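Participant: Build me a model:
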Amino acid sequence: MDTRIYDSQSVEETEQIGAMLARSVHEQAKPCFIALNGDLGAGKTAFVRGFASVLSPGSRVKSPSYTIVNEYRRGAIPVFHFDFYRLEDEDGLDSVGFDEYLTSGICICEWCEKIDSVRPADSITVTIEKVDETARRITIETSTKGSER
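Facilitator: Numbering: from 1, shown residues only. Below is the predicted model of the structure:
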């Protein structure tokens with residue numbers, strides 16, 4: 001497991017760290033799964049905004065809380081932004097075509113603890129912790145462990 005820790009002092013820095021991860025993922029040029037962990041208001045959507053700015057320039061990023069998934073398709077590889085906060089159980093994944101998304105682009109998912117038992121192997125975990133009103137500690141872990149879906 002590879003772990004990197006970053007300190008962000010602003011929303012803009014959180015976006016920059018998201019953009020940095022996107023550049024790294026883009027170099028691999030293959031579908032991948034990114035789990036986003038953090039409390040409400042931690043900066044998960046800001047992180048995705050920075051991420052999408054690299055892989056889907058010009059896309060308007062907003063939280064998919066009510067739609068489960070937002071698709072950003074302005075780049076060479078699509079980015080699928082999931083929010084599982086309102087997901088009742090893992091059975092709900094089939095109704096949104098989750099397996100198809102996994103093989104079609106980059107899935108970046110908020111509230112992944114709700115689907116942890118079906119999380120793909122070789123995923124990336126991003127944890128955003130509030131340090132104070134504006135500061136965040138962002139931990140990025142690359143793993144080869146997890147369940148196969």
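Participant: CA only for contacts and neighbour counts going forward, please
Facilitator: OK.
Participant: pull the longest helix from the chain.
Facilitator: Among all segments of the chain classified by DSSP state H, the helix with the greatest residue count is helix 11-28.
Participant: Contacts for that helix, please.
Facilitator: Under the contact criterion Cα atoms under 8 Å, 6 or more residues apart in numbering, helix 11-28 has outside partners 6, 8, 32, 43, 46-55, 134, 136.
Participant: What segments of the protein are strands?
Facilitator: Secondary structure of the chain (DSSP state E): strands located at 2-8, 32-37, 69-72, 79-83, 106-110, 124-130, 136-142.
Participant: Pick the most buried one from the ones you listed.
Facilitator: Among the strands of the chain, strand 106-110 has the highest mean neighbour count (mean count of other Cα atoms under 10 Å), at a mean of 25.
Participant: quick one: contacts for the spatially most central residue of the chain?
Facilitator: Computing the C-alpha centroid of the chain and ranking residues by Cα atoms, centre = their mean puts Ile108 first, at 2.7 Å. For Ile108, the contact set (Cα under 8 Å, 6+ apart) comprises Phe33, Ile34, Ala35, Leu36, Val48, Val79, Phe80, His81, Phe82.
Participant: again, but for Cys107
Facilitator: For Cys107, the set of contacting residues under the criterion of Cα under 8 Å, 6+ apart consists of Pro31, Cys32, Phe33, Ile34, Val79, Phe80, His81, Phe82, Tyr101.
Participant: again, only this time at 7 Å
Facilitator: Applying Cα atoms under 7 Å, 6 or more residues apart in numbering to Cys107 gives the contacts Cys32, Phe33, Ile34, Val79, Phe80, His81.
Participant: how close does the first one get to Glu88?
Facilitator: Taking Cα to Cα, to the nearest Å as the measure, Cys32 falls 24 Å from Glu88.
Participant: Can I get the lowest-mean-pLDDT helix or strand in the chain in PDB, CA atoms only?
Facilitator: Ranking every helix and strand in the chain by mean pLDDT, DSSP states H and E puts helix 92-95 at the bottom, with a mean of 76. What follows is helix 92-95, C-alpha atoms only, in PDB (Å, rounded to 0.1, in the frame of the first residue of the first chain):
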ATOM      1  CA  GLY A  92     -29.300  -0.600  -5.100                       C
ATOM      2  CA  LEU A  93     -26.000  -0.700  -7.100                       C
ATOM      3  CA  ASP A  94     -27.600  -3.000  -9.700                       C
ATOM      4  CA  SER A  95     -30.400  -0.500 -10.400                       C
END
